[in-house]
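Asker: Give me a 3D structure for the following:
(2 chains)
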Amino acid sequence: MPASVETLLSYFDEKRFIPSLRARSKATALKELAACLAADPEIRHPDVMIEALESREKLGSTGIGKEVAIPHTRTLSVPRLKAMIARSKQGVDWGAPDDKPVKIIFVVVAPPQERTNVYLPLLGALVITMQQKKNRDAILGANGFDEVAEALEAALRG
Amino acid sequence: MADVQKLAVLQDIDVMIRERRNDEDMGFSLEGLETLEKARAKLSKTIDGRLLRLYERLSKRYDRAVVPVIEHRCLGCSMAVPTAKRRSGEDRRGDSVVVCESCGRILFFV
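Answerer: Predicted coordinates for the structure are as follows:
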């Protein structure tokens, strides 16, 4: 059974939202994002998580173009799927295919043994919904996490 | 970083390489496979040789050589991890390598 919109949204939380990243480079942005995720007491090995995210970027940029990046990986460092959203006013060079700096970043990390099978559906849904300008504009223009979550919900419901 | 954490990263990379097709299907470009393989080789050199051989041996036998301990159980074989081993793994926060008494997989205390 495909994951419902409610299920996908349930992985996002105000605690894992950065309204405006300070980082200017991909390397420092990954560290800032990982630090936000690592505030979660369930994540006991943040170093392993950031190594995994950095390794994934070596395999190929997670920038999908149109000012969006979705750094993601399966990693032993998390006990369950974690997701977060961040925005960058100035944009971060993510090595995206269209060379545009990234202003919307979703991070998705999941354990290899993730049994809920949400990891790939969530990634796929984010890749698809972020192709549309109206969805990206809604997230960039939102004030605070609640409005971002509303924008994301509207995007996922299509 | 402790050896068991390095082994966790190594396995994360191996899973990443093995399952890269999923990313390709979603449209991510994966032009850096060689770069990642070089990073894996570099990381391997920093791991104790005996542990690395154990990891490689277990990887041939099992889908995953390093498995998390969830609710005091080895997620590879579901057997309970004895308290003494649990304490050793949890208290030292990854400084020591603990293997499952039942299946021999390397345990990762998440």
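
Asker: what about the helices in chain A?
Answerer: Per DSSP state H, chain A carries helices over the ranges A:5-9, A:26-38, A:46-59, A:119-129, A:133-141, A:144-157.

Asker: how about a markdown table for the ones you listed, with distance to chain B added?
Answerer: Heads up, the C-betas are built off the backbone N, CA and C, glycines and all. As requested, the helices of chain A are exported to a markdown table (distance: least, C-beta to the nearest C-beta, whole Å):
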| stretch | distance to chain B |
| --- | --- |
| helix A:5-9 | 15 |
| helix A:26-38 | 13 |
| helix A:46-59 | 4 |
| helix A:119-129 | 5 |
| helix A:133-141 | 16 |
| helix A:144-157 | 16 |
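
Asker: which one of those is the most hemmed in?
Answerer: Highest mean neighbour count among the helices of chain A (mean count of other C-beta atoms under 10 Å in any protein chain shown): helix A:46-59, with a mean of 22.

Asker: Can I get that one as CSV, trimmed to CA atoms?
Answerer: Extracted C-alpha coordinates of helix A:46-59, given in CSV (Å, rounded to 0.1, in the frame of the first residue of the first chain):
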residue,chain,number,x,y,z
PRO,A,46,26.0,11.9,14.3
ASP,A,47,29.5,11.5,12.9
VAL,A,48,28.5,8.4,11.0
MET,A,49,25.4,10.1,9.7
ILE,A,50,27.4,13.1,8.3
GLU,A,51,30.0,10.7,6.8
ALA,A,52,27.2,8.9,5.0
LEU,A,53,25.6,12.1,3.7
GLU,A,54,29.0,13.3,2.5
SER,A,55,29.7,10.0,0.9
ARG,A,56,26.4,10.2,-1.0
GLU,A,57,27.4,13.5,-2.4
LYS,A,58,30.6,11.9,-3.7
LEU,A,59,28.5,9.4,-5.6
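
Asker: so for it, what's the average pLDDT?
Answerer: For helix A:46-59, the mean pLDDT works out to 96.

Asker: give the contact list for residue 73.
Answerer: No chain specified, so I'll use chain A. A:Ala52, A:Leu53, A:Ser55, A:Arg56, A:Val109, B:Asp12, B:Met16 (C-beta atoms under 8 Å, 6 or more residues apart in numbering or on different chains).

Asker: Oops, wrong one, chain B.
Answerer: Contacts of B:Arg73 by C-beta under 8 Å, 6+ apart are B:Met79, B:Ala80, B:Val81.

Asker: Can you flag the buried ones in those?
Answerer: If you count burial by 16 or more other C-beta atoms under 10 Å in any protein chain shown, the buried members of these come out as B:Val81.

Asker: Give me the number of neighbouring residues for B:Asp25.
Answerer: 10 (other C-beta atoms under 10 Å in any protein chain shown).

Asker: per-residue pLDDT, it?
Answerer: 94.

Asker: how far away is it from A:Leu140?
Answerer: According to C-beta to C-beta, to the nearest Å, B:Asp25 and A:Leu140 sit 27 Å apart.

Asker: In this structure A:Glu32 contacts A:Ser25, no?
Answerer: No. With contact defined as C-beta atoms under 8 Å, A:Glu32 does not count as touching A:Ser25 (10.2 Å).
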